[in-house]
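K.L.:
pasting the structure only:
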Ligand SMILES: [Zn+2]
């Protein structure tokens, strides 16, 4: 390739290395030597030598390259020298910046090793060569990266884990395996076992471990923090497996398992079931129960176990109270129920019941009296019709039939209407009577908790808690229908 008049012109030199080129034998100094050797031949005047460490895959990352391009735009030099094409760029954005200078500003770009000298106008064969050299070099870099990844993956699939091992293990670089550390492994094992019972929350497991004499050395308190314990319980490494990111799969490691897969699976299920954050509970008896000793309200406390079981306790939290009462909700439930069993709805006086259901029956009794009025009105209309027929000596049967039908249409089948309305009233009365045979308890137990709460507020005067359970008093209206 010929180079037109570049002798004694001003030149910039650009050298670059990056981590991806390591071990390729083209150091910054070697590149510089190649470039300067070329410059010497053409008696070029070197304005500046740029030496840069950085990847050429992405634009914007190379400070010196961009600075050099800026200088070229300002016309500081007529020639730019690279030792190799791929030292200029591996990305088309940066490459274009140089080519543009060549085509529009009369720059000469020299690639020493490929003996490629670009001057305007760039010929198609020159562009092809540039693209080909860059293409091949990019291909090599990417291929090397892939090979490297594949190597890591292959080694990983064989069971060697290059990363730091979790608590309970220590990496042995010589044996290329993770070895268990007895004390810590026991700690991990116990943590899994305790959680797998489903009887403890994560925080309770941490406390329980400490109680049982297991110490977590990384904390001054020697109690494992909640988040560390959660990550521990989620880590499949303890079953002898580990995750290989490059392969996207779990593989069997060459380390010993601390936890069986059964226990591990059980723990995962429980972890997924456990409520993520403590929920606010609307408790049935909150702000209702009082401590008999101090008169303060008992405070509800919910314990939710990972196995889904929920335990509610009511405690006296008054620090001045010396009773320290704590009663399970189920005890209160039982006591409330036995109180409600004493309330006989059947003992409610009839007048009170009738008064109570009057409202419900009102629309039906109204209808019924309306129908009864209609019966006499209808009768009256028919009587007058017959009177007229007789008096006027009407013999037209069609007329008579039509006049009768008109009356019938206006009032409808009153007998049926009366019958059904009476039945309706009867049914309601029967239902009430049936309920009156029941105890309040029977009605109460089918209520939802919101209705239960309302009912309790309505019928009880006070709820006092003692060591033995609940002492409940009824409002006067209910005291009258109480039968022990
Ligand atoms: Zn108290």
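P.N.:
Looks like it came in fine. Keep in mind that this is a model prediction, so the values were computed, not measured.
K.L.:
Tell me the pLDDT of the residue in the stretch 1-150 of the chain that the ion sits nearest to.
P.N.:
For the stretch 1-150 of the chain, the residue closest to the ion is residue 149, as judged by C-beta to the ion, at 67.2 Å. The C-beta positions use only the backbone N, C-alpha and C, and glycine is treated the same way. What the model reports as pLDDT for residue 149 is 79.
K.L.:
before we move on, what about residue 97?
P.N.:
90.
K.L.:
need the contact list for it.
P.N.:
residue 69 (C-beta atoms under 8 Å, 6 or more residues apart in numbering).
K.L.:
any idea which element it lies in?
P.N.:
Assigned by DSSP states H and E, residue 97 belongs to helix 92-105.
K.L.:
Please name every helix or strand in contact with whatever helix or strand comes next after that helix.
P.N.:
Counting by DSSP H and E, the element after helix 92-105 in chain order, helix or strand, is strand 108-111. The contact analysis (3 or more C-beta pairs under 8 Å, 6 or more residues apart in numbering; DSSP states H and E) places strand 108-111 against strand 79-82, helix 85-88, helix 92-105, strand 116-118.
K.L.:
where are the low-confidence patches of the stretch 151-300 of the chain?
P.N.:
Filtered on pLDDT under 70, the stretch 151-300 of the chain yields the residue ranges 159-162, 246, 275-281.
K.L.:
For it, which residues are neighbours of the ion?
P.N.:
291, 293, 294 (C-beta under 5 Å from the ion).
K.L.:
Can you select the buried ones among these for me in ChimeraX?
P.N.:
If you want just the buried ones from those in ChimeraX, going by 16 or more other C-beta atoms under 10 Å, the selection is:
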select :291,293
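K.L.:
quick one: which of the residues of the stretch 151-300 of the chain next to the ion is nearest residue 336?
P.N.:
Residue 336 has its nearest neighbour among those in residue 291, at 16.9 Å by C-beta to C-beta.
K.L.:
Secondary structure element for the residue of the stretch 1-150 of the chain closest to the ion, which one?
P.N.:
helix 124-157.
K.L.:
Give me the distance between the two termini of stretch 321-334.
P.N.:
By C-alpha to C-alpha, to the nearest Å, the extent of stretch 321-334 from end to end equals 25 Å.
K.L.:
I'd like to know the average pLDDT value across it.
P.N.:
If you average the pLDDT over stretch 321-334, you get 89.
K.L.:
Which of the residues in it are classified as buried?
P.N.:
325, 327, 329, 332.
K.L.:
hmm, which two among those residues are most spread apart?
P.N.:
Checking those with C-beta to C-beta, the most distant pair is 325 and 329, at 13.2 Å.
K.L.:
what's the overlap in contacts for those two?
P.N.:
Common contacts of residue 325 and residue 329, defined by C-beta under 8 Å, 6+ apart, comprise residue 314.
K.L.:
Tell me where the stretch 251-400 of the chain has helices.
P.N.:
With DSSP state H, counting those that start in this stretch as the criterion, the stretch 251-400 of the chain has helices at 261-273, 329-340, 350-391, 397-411.
K.L.:
export these to JSON lines and tack on distance to residue 226?
P.N.:
JSON lines is the format used below for those (distance: least, C-beta to C-beta, whole Å):
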{"stretch": "helix 261-273", "distance to residue 226": "12"}
{"stretch": "helix 329-340", "distance to residue 226": "27"}
{"stretch": "helix 350-391", "distance to residue 226": "56"}
{"stretch": "helix 397-411", "distance to residue 226": "79"}
